[in-house]
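J.: Sequence and predicted structure are below.
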Amino acid sequence: MACTLADSTFLFLGPQQRSISSHRLSPLNPKGTCYLKWEGLSQRRSKNQRYLIPLRKTKIIQAVAVPVAPSPSESAEHRKKLSESYGFRQIGEPLPDNITLKDIISTLPKKVFEIDDVKAWKSVLISATSYALGLFMISKAPWYLLPLAWAWTGTAITGFFVIGHDCAHKSFSRNKLVEDIVGTLAFLPLIYPYEPWRFKHDRHHAKTNMLDEDTAWHPVIKEEFNSAPLLRKAIIFGYGPIRPWMSIAHWLMWHFDLKKFRPNEIKRVQISLACVFAFMAVGWPLIIFKTGIMGWIKFWLMPWLGYHFWMSTFTMVHHTAPHIPFKSSDEWNASQAQLNGTVHCDYPRWIEILCHDINVHVPHHISSRIPSYNLRAAHQSLQENWGKYMNEATWNWRLMKTILTICHVYNKERNYVAFDEIAPEESLPITFLKRVMPDYA
């Protein structure tokens, strides 16, 4: 930091010192530079003028401002307060810049990367039987118990997604043709095209929490938010009350437009789209023929909405929090994004079983080649070696309230700015959520 002493004269009057009549501190544009100006210094002669020592008109003094870092205890206390405020169990320390993803992967036991065919097909059996049980419950449940049956069945078919997810990451089977077939079939009840999703999801792993590049959840860009009043209202609802189902919009926008894919991907994308449209053309009419339109709603649509609730919730909880930044490509750090920028969240055990531990998400972002049935062992290893850097939570209302009411518009300094700060008169859905959502942690 440079300081210029302008128009200054120091008076040393023997044992007595004249006070400076006025002074002013005026900051200039260059950050860290300021001018100190003493104006109207007393120039009165005195009998002690022999002690008057004139200085040069202007003198440059170079000084270094050393930032004082908070002590580890203060930092830990600050993170603890943030954890309680946001609904987290732990907010991790920042990962040092010199730690690479390879450094972290090297600490994982080799066995967590091993594919076990028995465990893989066991997960298929769990999903198939739990889905069949859900359909049976829907067929037998009285109307007032249908929401419970739909919740179970929607969670069960989320397990199909996780199986396809493993296939896409080449962590289900050693036979890649088997993975492509199983992945495609697992996605069909969700009418999700397997190959388009795989291509876009690979980009999410390569660009996790990279602004504009990540294909999963990312903050709203302010220019986009201000571009049109109608779009602004839609964004407020989409990132507010209906955010737990916004994966439906993501599904439509990202997976059916051939223009979004590279030329070498088009053929595989077309095959997946043909499979999805064939399922819709055969499966939907068959359901309607057997059970009617209400049967289609009961047996397919409502469980599908349940699946999208979990798809949206898992994805936003994994990577969205006020303290987790999205960074531009020139500032982005892979190891920090995957370890510091991913959240482990515990859910009720029956959900974790039906969804094959997809919530154990930090090791999956350290290496996507870890099969879902080995995620817990990998997570335990990460806790032992890198635990102080990890973000952890148990699902609770305060966590959801934080995401739905705060994590909205991108801001480089604050990470997020809430809609009601930018457009309070249009943010009634957000103020409504703040008023009615429970704040239990």
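T.: Looks like it came in fine.

J.: Could you count how many residues lie near the nearest residue to H255 once chain neighbours are set aside?
T.: Nearest non-adjacent residue to H255, counting by CB to CB, 6 or more residues apart in numbering: P196, 4.1 Å away. Every residue, glycine included, has its C-beta placed from N, CA and C. Residues within reach of P196, counting by other CB atoms under 10 Å, total 25.

J.: ok but P196 is inside a helix, no?
T.: Yes - counting by DSSP: H, G, I helix; E, B strand; the rest coil, P196 is found in a helix.

J.: how far away is it from A418?
T.: 33 Å (CB to CB, to the nearest Å).

J.: What of A278?
T.: 44 Å.

J.: Same check on S272?
T.: Counting by CB to CB - S272 and A418 are separated by 38 Å.

J.: C407 too?
T.: Applying CB to CB to C407 and A418 gives a distance of 8 Å.

J.: Looking at those two, which one has more neighbours?
T.: Between C407 and A418, counted using other CB under 10 Å, the more crowded position is C407 (24 against 21).

J.: how close does the more buried one sit to I430?
T.: For C407 relative to I430 (CB to CB), the value is 11 Å.

J.: Can you name the residues that contact K388?
T.: Shown in contact with K388 (CB atoms under 8 Å, 6 or more residues apart in numbering): 92-93.

J.: Also the one 4 residues further on?
T.: For E392, the contacting residues are 88-90, 343-346, taking CB under 8 Å, 6+ apart as the criterion.

J.: buried stuff in the helix or strand containing it?
T.: Element membership for E392, per DSSP states H and E: strand 391-394. The neighbour-count criterion (16 or more other CB atoms under 10 Å) identifies 391-393 as the buried residues of strand 391-394.

J.: and if you look at stretch 180-194?
T.: In stretch 180-194, counting by 16+ other CB under 10 Å, buried: 180, 182-194.

J.: How about stretch 141-148?
T.: Within stretch 141-148, the residues that count as buried by 16+ other CB under 10 Å are A141.

J.: what do you get for stretch 364-377?
T.: Buried residues in stretch 364-377 (16+ other CB under 10 Å): 364-368, 370-375, 377.

J.: Just give me how far it sits from the chain centre.
T.: 18 Å (CA atoms, centre = their mean, to the nearest Å).

J.: Extract the CA atoms of that stretch and return them as CSV.
T.: Provided in CSV are the C-alpha atoms of stretch 364-377 (Å, rounded to 0.1, in the frame of the first residue of the first chain):
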residue,chain,number,x,y,z
HIS,A,364,-18.9,-40.5,-6.4
HIS,A,365,-17.5,-37.1,-7.4
ILE,A,366,-14.0,-38.0,-6.4
SER,A,367,-14.2,-40.9,-8.8
SER,A,368,-17.4,-41.9,-10.8
ARG,A,369,-15.9,-45.4,-11.3
ILE,A,370,-16.9,-46.4,-7.7
PRO,A,371,-20.0,-48.6,-7.8
SER,A,372,-22.9,-47.5,-5.8
TYR,A,373,-22.6,-50.5,-3.4
ASN,A,374,-19.0,-49.4,-2.5
LEU,A,375,-19.8,-45.7,-1.9
ARG,A,376,-20.1,-46.2,1.9
ALA,A,377,-16.7,-47.8,2.2
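
J.: For it, what does the pLDDT average out to?
T.: Average pLDDT, stretch 364-377: 97.

J.: How about stretch 332-340?
T.: For stretch 332-340, the per-residue pLDDT averages 95.

J.: where are the low-confidence patches of the protein?
T.: Applying pLDDT under 70 to the chain picks out residues 1-74.

J.: what about the strands in it?
T.: Along the chain, the stretches classed as strands by DSSP state E are 2-6, 23-27, 34-38, 58-62, 343-346, 391-394, 409-411, 415-417.

J.: rewinding a little: out of the buried residues of strand 391-394, who's nearest V220?
T.: Taking CB to CB as the measure, V220 lies nearest N391 of those, at 21.8 Å.

J.: The closest residue to that closest one other than its chain neighbours: neighbour count?
T.: Closest residue to N391 apart from its sequence neighbours, by CB to CB, 6+ apart: V343 at 4.6 Å. V343 has 23 neighbouring residues, counting by other CB under 10 Å.

J.: Contact partners for V343?
T.: Taking CB under 8 Å, 6+ apart as the test, what V343 contacts is 88, 317-319, 321, 324, 361-362, 391-393.

J.: same thing but 6 Å
T.: By CB atoms under 6 Å, 6 or more residues apart in numbering, V343 lies in contact with 317-318, 391.

J.: same deal with D439?
T.: R398.

J.: quick one, phi psi at it?
T.: For D439, the backbone dihedrals are phi -120, psi 30 (criterion: degrees, to the nearest 10).

J.: which strands and helices sit next to the helix ranked longest in the chain?
T.: The helix that spans the most residues within the chain, counting by DSSP state H, is helix 266-296. Contacts defined by 3 or more CB pairs under 6 Å, 6 or more residues apart in numbering; DSSP states H and E place helix 266-296 against helix 194-206.

J.: run the last query once more with 8 Å
T.: helix 176-187, helix 194-206 (3 or more CB pairs under 8 Å, 6 or more residues apart in numbering; DSSP states H and E).

J.: Can I get these in a markdown table including distance to Y307?
T.: Converted to a markdown table, those look like this (distance: least, CB to CB, whole Å):
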| stretch | distance to Y307 |
| --- | --- |
| helix 176-187 | 11 |
| helix 194-206 | 13 |
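
J.: how many neighbours does T153 have?
T.: 28.

J.: again but with D166, I slipped
T.: The local packing of D166 (other CB under 10 Å) involves 28 other residues.

J.: and it, how far is that from K119?
T.: D166 is 11 Å from K119, by CB to CB.

J.: between the two, what contacts are shared?
T.: P371.

J.: Between the two ends of stretch 181-198, how far is it?
T.: Start-to-end span of stretch 181-198 (CA to CA, to the nearest Å) is 13 Å.

J.: Now for the nearest residue to T291 once chain neighbours are set aside: which residues touch it?
T.: In space, and not counting its chain neighbours, T291 is closest to F299: 6.3 Å by CB to CB, 6+ apart. Contact partners of F299, counting by CB under 8 Å, 6+ apart, are 135, 138-139, 287, 291.
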